[in-house]
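**Student:** what would the 3D arrangement of this be:
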Amino acid sequence: MEMRQPAVAGQFYPLRCENLENELKRCFEGLEIREQEVLGAVCPHAGYMYSGKVAAHVYATLPEADTYVIFGPNHTGYGSPVSVSRETWKTPLGNIDVDLELADGFLGSIVDADELGHKYEHSIEVQLPFLQYRFELDFKILPICMGMQDEETAVEVGNLLADLISESGKRAVIIASSDFTHYETAERAREIDSEVIDSILNFDISGMYDRLYRRNASVCGYGPITAMLTASKKLGGSRATLLKYANSGDVSGDKDAVVGYAAIIVE
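**Tutor:** Presented below is the predicted three-dimensional model:
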């Protein structure tokens, strides 16, 4: 099996294992690890210095699962419109196998088996050390990169995933990797993001797309969020909770051009 090498180790998170573990420990500092019956989540994917503490709010609640499905937006433009990776993924903390049974279930659908979309993309990669920190290596992943994020496509992918999980009988948790508003003032980012988050908490996918377009919101992973919400709801999820909202200015001190981050879980 081919190996997907880290693309952003040493940039978004530390390259050396010891330094990465120390950084993850910092992210979880002050948080209680309290597993909940989480089916899905929204988690940021910026550099750990900026969004790691927000991400840790999600990972502190996740239960042990057979497979963690991670939807990420395609920032690079490479590869298929929607692609699933079948390669083993490497991080400084070790290697993680892909759930090939679930991955192959997408064959013949709108989801292609394609590695190019994943090769340089950071949105999925940055989630993996958090999973390894919590659960070591006793799990598999299902990485799905979305360049096409329209509502129809994302809902179809979410429904396909829910059916595959149900048929497999596996315990799965679905993570949507997304940052929120980019490069607005902290005040405006919070205003826009609160509208979008309100739609997410109410499982109002069409309403979310309407607000994204109306506010010209720069939420990068709206397709992954939609696919996660669709699949989680079909698998029995009925409640979404905002655990933490913050922005890059909380760390940098620059409130004039921030990126928003939200930690949301679906039970």
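
**Student:** tell me the confidence at residue 1?
**Tutor:** With respect to pLDDT, residue 1 has a value of 63.

**Student:** am I right that residue 246 sits in a strand?
**Tutor:** Yes. According to DSSP: H, G, I helix; E, B strand; the rest coil, residue 246 belongs to a strand.

**Student:** state the distance from it to residue 30.
**Tutor:** Remark: distance between residue 246 and residue 30 (C-beta to C-beta, to the nearest Å) = 14 Å. No exception for glycine: its C-beta is placed from N, CA and C like everyone else's.

**Student:** all strands of the stretch 101-250 of the chain, in order?
**Tutor:** Taking DSSP state E, counting those that start in this stretch, the strands of the stretch 101-250 of the chain run over residues 112-113, 140-146, 172-177, 182-184, 240-247.

**Student:** how far out from the middle of the chain is stretch 128-147?
**Tutor:** Put simply, stretch 128-147 sits 10 Å off its chain's centre (C-alpha atoms, centre = their mean, to the nearest Å).

**Student:** end to end, how far does it reach?
**Tutor:** 20 Å (C-alpha to C-alpha, to the nearest Å).

**Student:** dump the residue contacts of the residue sitting nearest the centre point of the chain.
**Tutor:** The chain has residue 177 as the residue nearest its centroid, 2.1 Å off, counting by C-alpha atoms, centre = their mean. Shown in contact with residue 177 (C-beta atoms under 8 Å, 6 or more residues apart in numbering): 43-45, 70-73, 123-124, 126-127, 221, 224.

**Student:** and of those residues, the nearest to residue 140?
**Tutor:** Nearest to residue 140 among the contacts of residue 177 is residue 70, at 11.1 Å by C-beta to C-beta.

**Student:** the closest one: how many residues sit nearby?
**Tutor:** Other residues lying near residue 70 total 29 when counted by other C-beta atoms under 10 Å.

**Student:** dihedrals phi and psi, it?
**Tutor:** Main-chain dihedrals, residue 70, degrees, to the nearest 10: phi -130, psi 110.

**Student:** for the one helix or strand residue 19 maps to, packing partners?
**Tutor:** Assigned by DSSP states H and E, residue 19 falls within helix 17-28. Under the contact definition 3 or more C-beta pairs under 8 Å, 6 or more residues apart in numbering; DSSP states H and E, helix 17-28 sits against helix 48-59, helix 128-135.

**Student:** rounded mean pLDDT for the shortest one, please.
**Tutor:** Mean per-residue pLDDT for helix 128-135: 97.

**Student:** tell me the buried residues in that helix?
**Tutor:** Across helix 128-135, burial judged by 16 or more other C-beta atoms under 10 Å covers 128-134.
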